[in-house]
Structure formats: structure tokens, C-alpha cells
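J.: Fold the following and give me the result.
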Amino acid sequence: MKRLLLLIFASLALPFGALAQHQWYDKYQQVLNDSDANKLLQVIEAWQKAEPESADVYAAWFNYYYKIGVSSVLSLTTEPPADGSESLMLRNDTTQETAGYLYAVPTYNDSLMNLCFQKIDAGIRKFPDRLDLAFGKIHVLMQMKDYEAALKALDAVIRRSADNHNAWLWTLDKPVDDGSAMFFDSMQDYFNRLWKVQDLSYAEQLAHMLVAAYPSNIVFRSNFAGIKGAKGENEEALKLFLDIHRDAPKDEIVIGNIAHLYLVLGDKKQAKKYYQLLLKSEDETMKEEAASAIKQIENGE
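T.: Numbers count the residues shown, from 1 in each chain. Now for the predicted structure:
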């Protein structure tokens, strides 16, 4: 997510119930990263007895089972990790050429991960407006590369956003400031992650869900049109971008995509027309790229 909510509580201003909840959360945070998972288990079990209906207890169980259900093995390959994760590049001492890549590959215990998802699913059912629960689940599913399940979870969040008008809660039931902005930014982050997956169908499915739920959102519409272009469906992509341009004539990303698609389709006259619109852009990079494209068109390249 692009945004991280840092939830700061003034203890003196909290009613007793909220204060107790905060104290349990603090105890949990103190042992969350302890190498001894039993300490974490003991705190969560005590917390559950004290506050059996707390959404944060469900989140704690989810984190516990994830903690004990995931391990890593080292992998040595001739190619870097496809998902862009960190790796150690190994070089030939003599030639200094790249010899391979060493990186950690997560492995998952199926039975423990099943318990992990059972806990978070129960929490989401009881507390559908706790966005941190849903995002926690989606994050893990993405990490596991279970994109089909991640899309189902994303679809549930999108549907809920229509029902609650993006009035979301976060850790300790704190209302999210500007829930709409956080939701839209987060959905765009998820789209960008799925865009990087080799199979574009996942990004296309998310783009379709978002356009269906928010048909007037220019960014979501542009995502969907961009997917069509990336798949080589250039005429359909151009039609969609032209429709968006009519609704958002000053959107320079849309203008640039229209110019590019006209150029790909061989209509240099129309391509030049739209590139010229970008010569007045305040974005120097965009202005320079447009000028370069116009020069190439005029030179018959």
C-alpha cells in the first residue's frame, strides 16, 4: 500500500474498554517478532480470553499462523527472481561476469496456512469494515502467488466499498481518515503488482472489477484500456482512451496513450495531433518525449 496509517493513542483520553484493548495490543506487539513463537501464542490466548470479540485478536491469530507456517530455503539460479525480490548477485572472480543469483524462496506449511486463512476469514466475516484484515489476507495471497484467490478477496473488498461508502476501520477499530483515497490508492497498487505478473489476465480481471464498481473513475478506466493495448488489442484500446479523453480532456497520460496508439496503428497525422497537445505539459519528461515523437514522425521514421 502507498499509505501507512500510524495509529497514535492518547491513553488518558481513552475509555476503559479502549484502554484495555490498547494495552493488549501493546503486549502483542512486544512479542510479535520474538524468535520464540510460544511467547506470542501465550499472549494471544490470554488476549482472546480477555477480549473474545476483538477484531485484533483475529489479526493476531492470522499473524501467528503465518509466522510459524512460512519458512525459507535458499535458491541458486542463473536468472534473478522473476518477482523482483532481493537477491545476491554472484560473479565469476576471473571474468567478473554474472555467474548466478542467490535468494530466499518462501515455503508454506499447508495445514498451518489453512489455519491462518480460517482465522482471517472468520475475522473478515465478523468485521467486514476492518480493511486491515482484508488487506492482510490479500498481501499473503499475493506473496504466495495465489492470484485467483487474491482476486476473489479483492472483489469482496470492492463490493464492500460500495456498501460502506469507503467508511473503513483499521487496527484497534480506528476509523481510516479519507477511506476513499486509501481504497483507490490501494487498488491502484494492487493493479500495478498484477500488471507485473506475466499473465495479464489477473490485472485485466481486477481492472474490470474496478470499472464495473466505479465506472466514472478515470484511473480505473485507463487501467482497463491500458490492458487492452498491452494485449495488442490496439483498436479497442484506442476507442476506450478516446472515450476517457472526452470525459477528462486534460489528462496527459490519456493523451499520451492516444498518441502512441495512433502511431502504432499507422495514423501519423492523428498521432502528431495528440503529441502536440503534450508540448505544453508542465512535465518536462513528457514534453521532451512528445517533441521527440513528433520529430520522428516528421522525419518519416
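J.: quick one, helices of the stretch 1-150 of the chain?
T.: Taking DSSP state H, counting those that start in this stretch as the criterion, the stretch 1-150 of the chain contains helices spanning 16-31, 37-50, 55-69, 110-126, 131-143, 147-164.
J.: Can you point out the buried residues in stretch 193-207?
T.: Across stretch 193-207, burial judged by 16 or more other Cβ atoms under 10 Å covers Arg193, Leu194, Trp195, Leu200, Tyr202, Ala203, Glu204, Gln205, Leu206, Ala207. All C-beta spots, glycine's among them, are computed from the backbone N, C-alpha and C.
J.: Give me the distance between it and the centre of its chain.
T.: In terms of Cα atoms, centre = their mean, to the nearest Å, the centre of stretch 193-207 is found 11 Å from the chain centre.
J.: And for stretch 111-119?
T.: Put simply, stretch 111-119 sits 22 Å off its chain's centre (Cα atoms, centre = their mean).
J.: Out of the helices of the stretch 1-150 of the chain, which is closest to Gly256?
T.: With respect to Gly256, and counting by Cβ to Cβ, the nearest of the helices of the stretch 1-150 of the chain is helix 147-164 at 27.6 Å.
J.: for the closest one, packing partners?
T.: helix 131-143, helix 179-195, helix 201-213 (3 or more Cβ pairs under 8 Å, 6 or more residues apart in numbering; DSSP states H and E).
J.: Can you show me the CA trace of it as CSV?
T.: Only the C-alpha atoms of helix 147-164 are listed here, as CSV (Å, rounded to 0.1, in the frame of the first residue of the first chain):
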residue,chain,number,x,y,z
TYR,A,147,-3.6,-14.7,-7.7
GLU,A,148,-7.0,-16.3,-8.3
ALA,A,149,-7.7,-16.3,-4.5
ALA,A,150,-6.3,-12.8,-4.2
LEU,A,151,-8.7,-11.6,-6.9
LYS,A,152,-11.7,-13.1,-5.0
ALA,A,153,-10.6,-11.3,-1.9
LEU,A,154,-10.2,-8.1,-3.8
ASP,A,155,-13.6,-8.5,-5.3
ALA,A,156,-15.1,-8.8,-1.8
VAL,A,157,-13.4,-5.6,-0.7
ILE,A,158,-14.6,-3.8,-3.8
ARG,A,159,-18.2,-4.9,-3.2
ARG,A,160,-17.9,-3.9,0.4
SER,A,161,-16.7,-0.5,-0.6
ALA,A,162,-19.9,0.1,-2.4
ASP,A,163,-21.9,-0.9,0.7
ASN,A,164,-20.0,1.1,3.3
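J.: For burial, what's the neighbour tally of His208?
T.: 14 (other Cβ atoms under 10 Å).
J.: Next one, pLDDT for it please.
T.: According to the prediction, His208 has pLDDT 97.
J.: Check the one 3 residues further on too.
T.: pLDDT recorded at Val211 is 98.
J.: mind listing what it touches?
T.: Residues near Val211 by Cβ atoms under 8 Å, 6 or more residues apart in numbering: Asn217, Phe220, Arg221, Asn223, Phe224.
J.: how near is the third one to Glu298?
T.: Yep, that's Arg221 we're talking about. Arg221 sits 32 Å away from Glu298, taking Cβ to Cβ, to the nearest Å as the criterion.
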